[in-house]
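Participant: task: produce atomic coordinates for the following.
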Amino acid sequence: VVPSASSLVIKALKEPVRDRKKVKNITHSGNLTLEQVYDIARTMKEKSGARQLSGTVKEILGTCFSVGCTVNGENPRAVTDQIK
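Facilitator: Predicted coordinates:
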């Protein structure tokens, strides 16, 4: 069983464990490297609807944007535009 993309991204940020009932609307302001994004994409390859690895990487970058983290200190959308 492959976990969801958002849980893999949050695990890669190495944030402390929180109580989900008490702490709501948390923003994840960490930074991931592009290599970490590639590792998450390789893990999600079977679950993804994309044909190629680049499509899976773009899905993970979209998840990074929705979670609120940055990739290599940049906005994940800017990194997605560079991959195209």
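Participant: got a list of what Leu53 touches?
Facilitator: 38, 41-42, 45 (Cβ atoms under 8 Å, 6 or more residues apart in numbering). In short, each C-beta sits where N, CA and C put it, glycine included.
Participant: compute the first-to-last residue distance for stretch 19-39.
Facilitator: Chord length of stretch 19-39, first to last residue, is 27 Å (Cα to Cα, to the nearest Å).
Participant: take the contacts of Leu53 and write them to JSON lines, including secondary structure.
Facilitator: Shown next, in JSON lines, are the contacts of Leu53 (DSSP: H, G, I helix; E, B strand; the rest coil):
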{"residue": "Tyr38", "secondary structure": "helix"}
{"residue": "Ala41", "secondary structure": "helix"}
{"residue": "Arg42", "secondary structure": "helix"}
{"residue": "Lys45", "secondary structure": "coil"}
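Participant: and those residues, which are buried?
Facilitator: Ala41 (16 or more other Cβ atoms under 10 Å).
Participant: farthest-separated two in the contacts of Leu53?
Facilitator: Taking Cβ to Cβ as the measure, these span a maximum distance of 10.8 Å, between Tyr38 and Lys45.
Participant: one step back: give me the lowest-pLDDT entry from the contacts of Leu53.
Facilitator: Among the contacts of Leu53, Lys45 carries the lowest pLDDT, at 88.
Participant: report the contact partners of it.
Facilitator: Lys45 touches 53, 56, counting by Cβ under 8 Å, 6+ apart.
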